[in-house]
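Asker: I would like the atomic coordinates for the input below:
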Amino acid sequence: MVASGAASIAPGTVYFLDNSSLSFKPKSGGGRMTSSDGSIVTGSSARDPARVTEIQGAWWIHGHWPMDDMWPGSRPEDDADCKTLFYNIIHDYKEGTHERTRSLPKPPFAHTSAHIESRRQGASDDADQRYKLFVFGDSFADTGNVPMSDKSGTSRAWYYPYGSSDYDHDKKPTGRFSNGMVQSDFVAKILGRDESPPAERLRGQNGVDPFGMNFAVGGAGAYEVSREAPTLGEQIDKFMRLVRHGIIDEDLKDSVALVAFSGSHDYARVNMSSYADIVAVAKNVVDTIADGVDRLQELGVQKVLVNSLPPLGCRPWWSRSNNYTACYGPQDVVTSVHNMYLKQKLGESDTILLLDLNTIFIKIIVSHGSSPFKHRFTPCCDSFDPVGYCGQEDEDGDVQYSVCSVPDQSFYWDYMHPTQAGWKAVMEQLEEPIKGFLDI
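Answerer: Residues are numbered from 1 along each chain as shown. Got it, this is the predicted structure:
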């Protein structure tokens with residue numbers, strides 16, 4: 001939200017702008033005071049509304065306002081959105097938009113100057129800056145939306161060895177289901193960013209990046225979920241609320257959405273011996289994805305990227321039945337049926353691009369002699385327990401997994417997810433189609 005090296009935008013901060021004439025009015029009147037040196041304006045009491053006012057070229061925000069006066073139906077977890085509202089006020093002013101009524105909870109007292117030089121955080125000088133990115137899906141794209149908790153198969157992405165090759169984050173786990181970057185990060189790189197926009201769950205801590213937001217949650221499904229993780233529809237519901245409340249800019253014409261589901265949960269309980277059951281489940285899943293895309297476009301999202309299903313039978317979870325030497329054929333029936341219906345539903349639109357993960361995964365994994373990976377089926381992080389997970393420890397703290405010495409030589413990181421190098425190889429082949437689709 002601010003230029004590299006500057007403090008993050010937050011209430012209680014002085015900002016120096018090029019212009020001067022913005023006032024911020026809450027829903028009801030309130031007094032204000034000016035300090036003796038003329039540098040601060042604030043409410044006249046702790047219950048007075050917050051104000052943003054220009055004084056000697058500086059903008060100051062301070063005060064308190066109850067959350068239920070901000071908008072109907074607001075939730076306690078929205079308290080931290082005050083910094084986003086402040087950003088929107090400043091941004092609207094710089095874009096020439098007229099005064100907008102807002103009110104803010106009481107911020108922590110701070111006094112930090114920063115120059116607002118860029119609408120989007122982490123932009124390189126020559127990056128294409130047109131598109132905001134909004135991400136929906138599961139662990140293929142999640143960058144920290146699964147809550148951190150005691151280590152388990154669900155929360156494992158917050159623990160070593162996850163993130164162990166992620167030099168951009170000091171080789172520490174960040175909630176990504178890989179040893180480093182995941183698909184949403186590489187889509188963001190194609191748009192000229194350093195990484196995916198922040199996870200929605202962390203917006204109270206990090207604020208809202210005007211470049212976009214990531215709603216994907218590990219364990220989610222488009223239609224079916226195996227635990228308390230939001231479906232695609234529920235992720236879009238949250239996105240819609242944030243747009244309606246002004247937390248996300250309602251102007252979405254320069255935006256692109258990534259819908260990235262791996263199929264792990266939607267097809268977890270399908271009857272593989274029944275083609276009719278596979279077809280029925282696939283139709284439900286694809287219809288749900290298509291409905292979600294329609295909703296995003298009705299909200300104003302301009303372009304949508306949608307994953308095809310990758311070859312499920314090539315994942316280590318299934319290929320281990322062949323000693324990690326070949327894909328498990330029956331699972332690929334699911335992939336074929338899903339992708340056939342997906343193409344029928346979404347393949348003829350100028351505003352939707354299907355990302356053909358199936359073809360690219362197969363080209364990398366199955367094609368003999370042309371794969372850049374020494375280990376195409378064997379996961380880099382392999383659990384000793386066939387139903388265990390990467391990172392698992394026993395009651396004594398002894399590791400119950402092994403990690404390969406050179407992760408970049410493995411396509412898969414764990415039983416389900418590519419390594420950072422695997423995702424890089426996949427997205428390199430999708431970079432030109434995406435750029436052509438977005439005209440960048």
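Asker: what is the burial count for Thr359?
Answerer: 14 (other C-beta atoms under 10 Å). To be clear about C-beta, it is placed using only N, CA and C from the backbone, and glycine gets the same treatment.
Asker: that one and Ser308, how far apart?
Answerer: From Thr359 over to Ser308 the distance is 8 Å, taken as C-beta to C-beta, to the nearest Å.
Asker: again with Lys424
Answerer: Per C-beta to C-beta, Lys424 is found 19 Å from Ser308.
Asker: more neighbours: these two, which one.
Answerer: Each of Lys424 and Ser308 has its neighbours counted (other C-beta under 10 Å); Ser308 has more, 21 against 17.
Asker: wait, that one sits on Ile360?
Answerer: No. Using C-beta atoms under 8 Å, Ser308 is not in contact with Ile360, being 9.3 Å away.
Asker: now Phe437: closest residue in space that isn't a chain neighbour?
Answerer: Using C-beta to C-beta, 6 or more residues apart in numbering and skipping the chain neighbours, the partner closest in space to Phe437 is Leu353 (4.4 Å).
Asker: an error on my part: the question was meant for Tyr401.
Answerer: Leaving aside its chain neighbours, Tyr401 sits nearest to Ser383 (4.8 Å; criterion: C-beta to C-beta, 6+ apart).
Asker: how many residues are close by that neighbour?
Answerer: Neighbours of Ser383 using other C-beta under 10 Å come to 20.
Asker: what does Lys238 give?
Answerer: Neighbour count of Lys238, defined by other C-beta under 10 Å: 14.
Asker: could you report the pLDDT at it?
Answerer: Per-residue pLDDT puts Lys238 at 96.
Asker: hmm, who's touching the helix or strand harbouring it?
Answerer: Element membership of Lys238, judged by DSSP states H and E, is helix 232-244. Outside helix 232-244, the residues within contact range by C-beta atoms under 8 Å, 6 or more residues apart in numbering are 134, 136-137, 200, 213, 215-217, 220-223, 230, 248-250, 252, 259, 261, 288-289, 291-292, 295-296, 299.
Asker: hey, what's Val304 bridged with?
Answerer: With DSSP bridges as the criterion, Val304 is bridged to Ala257, Ile352.
Asker: my guess is it contacts Arg295. True?
Answerer: No. If you go by C-beta under 8 Å, Val304 and Arg295 don't touch, sitting 10.4 Å apart.
Asker: out of those two, which sits in the busier spot?
Answerer: More crowded of Val304 and Arg295, by other C-beta under 10 Å: Val304, with 24 against 16.
Asker: which residues does that one contact?
Answerer: Here Val304 is in contact with 256-259, 293, 296-297, 351-353 (C-beta under 8 Å, 6+ apart).
Asker: ok, so of the residues you listed, who is nearest Leu312?
Answerer: Leu312 lies nearest to Val259 out of those, by C-beta to C-beta, at 17.7 Å.
Asker: confirm that the closest one sits in a strand.
Answerer: Yes. Counting by DSSP: H, G, I helix; E, B strand; the rest coil, Val259 is found in a strand.
Asker: assess the claim that it and Asp291 are in contact.
Answerer: No. In this structure Val259 lies outside contact range of Asp291 using C-beta under 8 Å: 11.2 Å.
Asker: CA atoms only: put stretch 364-376 into PDB for me.
Answerer: Output of stretch 364-376 as PDB, limited to C-alpha atoms (Å, rounded to 0.1, in the frame of the first residue of the first chain):
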ATOM      1  CA  ILE A 364       6.100 -32.800 -17.300                       C
ATOM      2  CA  ILE A 365       5.400 -36.000 -15.400                       C
ATOM      3  CA  VAL A 366       4.700 -38.700 -18.000                       C
ATOM      4  CA  SER A 367       6.700 -37.700 -21.100                       C
ATOM      5  CA  HIS A 368       9.900 -39.700 -21.000                       C
ATOM      6  CA  GLY A 369      13.200 -37.900 -21.700                       C
ATOM      7  CA  SER A 370      11.800 -34.400 -21.700                       C
ATOM      8  CA  SER A 371      10.900 -33.800 -18.100                       C
ATOM      9  CA  PRO A 372      13.200 -31.400 -16.200                       C
ATOM     10  CA  PHE A 373      12.600 -33.400 -13.000                       C
ATOM     11  CA  LYS A 374      14.500 -36.400 -11.900                       C
ATOM     12  CA  HIS A 375      11.700 -37.500  -9.600                       C
ATOM     13  CA  ARG A 376       8.400 -37.200 -11.300                       C
END
